[in-house]
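Undergrad: what follows is a protein structure lacking sequence information:
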């Protein structure tokens, strides 16, 4: 069984499409940390045992345009991620995919997992479709050329947990680790060059409103330049993008 797990907070702009797109997943677990836009209510309204939703015991207000040290109620990312990980493993999945509320994994991810079932971790490129490829961190991993590599896919109940990134001073920057090492260094990790993981928050043009004061959503979208991998993004998300682009304030 393949299960995605997501920590969400005001993701209603994306959720309907993200849930529909990931129909190839056996179960989707969502942990809500204080949504006020109907995200939690929407997920609870879905009559399917494929969707599992839970509210975290503490609520947080997103402060995307505020430096971490100036946040009124900073998000304890390590604590929340590990709580969600503990909860989703109670569903007895075989494989876990860590999925943010504004991201997608392409459906071919399932066949990639099946082909690599002898491994414990599958590491992959992560693509922002409206960011120049030259702006993506480019790394060579065991001879594989990867754009902004992430380890988001792994077998369940292996003891993987999130910890403070020892290479970053920012306290909110955490990474999945095992035996004191990043999952990249797990002896059963495999790096793949398939483009399967996409960030959508920039493409949609709403979460970044706070970074572009004075610009409305249509203006943000119209200024975006698509990269060479944008065509991989399924049609359902392009349709939504066009709807927003044509909206009136």
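TA: Ah, there it is. Values in this document were obtained by computation on a predicted structure and should not be read as measured data.
Undergrad: give me the mean pLDDT for stretch 232-239.
TA: In this model, stretch 232-239 carries a mean pLDDT of 92.
Undergrad: how far does it sit from its chain's centre?
TA: 17 Å (C-alpha atoms, centre = their mean, to the nearest Å).
Undergrad: ok, and for that stretch, which residues are buried?
TA: 233, 237 (16 or more other C-beta atoms under 10 Å). For glycine as for every other residue, the C-beta is placed from the backbone atoms N, C-alpha and C.
Undergrad: swap in stretch 141-149?
TA: Buried-residue list, stretch 141-149, by 16+ other C-beta under 10 Å: 141, 146, 147, 148, 149.
Undergrad: inside strands: which ones of those?
TA: Residues of the buried residues of stretch 141-149 located in strands (DSSP state E): 141, 146, 147.
Undergrad: so what's the first one up against?
TA: It refers to residue 141. 123, 149, 184, 191 (C-beta atoms under 8 Å, 6 or more residues apart in numbering).
Undergrad: again, but for residue 107
TA: Residue 107 touches 21, 24, counting by C-beta under 8 Å, 6+ apart.
Undergrad: cool, and the one 5 residues further on?
TA: Remark: with contacts taken as C-beta under 8 Å, 6+ apart, residue 112 is in contact with 122, 192, 194, 196.
Undergrad: what are the bridge partners for the residue nearest to the second one when sequence neighbours are not counted, then?
TA: Counting by C-beta to C-beta, 6 or more residues apart in numbering, the nearest residue to residue 192 once its immediate chain neighbours are dropped is residue 124, at 5.4 Å. Partner residues in beta bridges with residue 124: residue 150, with DSSP bridges as the criterion.
Undergrad: mind telling me what element residue 96 is part of?
TA: strand 95-98 (DSSP states H and E).
Undergrad: that strand - what's its average pLDDT?
TA: On average, strand 95-98 scores 98.
Undergrad: give me the buried stretch members for the very next helix or strand once past that strand, please.
TA: Remark: after strand 95-98, the chain's next helix or strand is strand 103-105, criterion DSSP H and E. Residues 103, 104, 105 are the ones in strand 103-105 that count as buried (16+ other C-beta under 10 Å).
Undergrad: can you check stretch 151-161 too?
TA: Within stretch 151-161, the residues scored as buried using 16+ other C-beta under 10 Å are 151, 152, 153, 154, 155, 156, 160.
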